[in-house]
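Trainee: Quick one: sequence plus predicted model below, questions after.
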Amino acid sequence: MDDHHELSKVLSDPESMQYYPHPFNQEEVKNWIRWNEKNYKQYNHGLWAVVLKEGDLFIGDCGITMQNIDGVWLPEIGFHIIKAYWNKGYATEAASACKEYAWNVLGYSEIFSYTTLKNIPSQKVAEKIGMENYKIFEKNGEQQIIQVAYKSL
């Protein structure tokens, strides 16, 4: 909960949250943290703080959560990076580390990502870490795209 102020810099920002129904208010940010705490208790994984190696600066979150994606519970890589740190490779680096963690530590043989069809930047991050388009479906009246990466044997 100590990260709530820093996390609100991304989750409450209208531009960062443009592909969500709305930016989060302070209570929703706290609920996001509680949801992550619950994920760790239930699945032994969730979102981590993304912190710059130089200076120990919080710039967002990234991790693996179980998501109901088109009616199936799947491990999904998700991330949110503060706008000032976009297009610097941080989301790609964090998502790539999460993919390796999903395979090598958690034992998943496939990992997913999903977003609205309009969220091209997130889709590009998924492509950079080796994900390919898997399926398009509708959620809350909006088209979503699922991307997947499979662990090589």
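Mentor: The structure has been received and is ready for your questions. Numbering: from 1, shown residues only.
Trainee: got the contact list for Glu28?
Mentor: Residues near Glu28 by C-beta atoms under 8 Å, 6 or more residues apart in numbering: Leu11. For the C-beta atoms, the positions are set from N, CA and C on the backbone; glycine is no exception.
Trainee: I'd guess it is in a strand, am I close?
Mentor: No: under DSSP: H, G, I helix; E, B strand; the rest coil, Glu28 sits outside any strand and is assigned helix.
Trainee: can you tell me which residues contact Gln147?
Mentor: Phe112, Ser113, Tyr114, Gln123, Ala126, Glu127, Met131, Glu132, Asn133, Tyr134.
Trainee: Give me the nearest residue to Lys118, chain neighbours excluded.
Mentor: Once flanking residues are discounted, Lys118 sits nearest to Tyr19: 6.4 Å by C-beta to C-beta, 6 or more residues apart in numbering.
Trainee: ok, that neighbour to Glu100 distance?
Mentor: Counting by C-beta to C-beta, to the nearest Å, the gap from Tyr19 to Glu100 is 25 Å.
Trainee: cool, and Ile136?
Mentor: Going from Ile136 to Glu100 by C-beta to C-beta gives 27 Å.
Trainee: what's the answer for Trp35, then?
Mentor: Trp35 is 24 Å from Glu100, by C-beta to C-beta.
Trainee: Same check on Tyr20?
Mentor: With C-beta to C-beta as the criterion, Tyr20 and Glu100 are 27 Å apart.
Trainee: what do you get for Leu52?
Mentor: Taking C-beta to C-beta, one finds Leu52 at 20 Å from Glu100.
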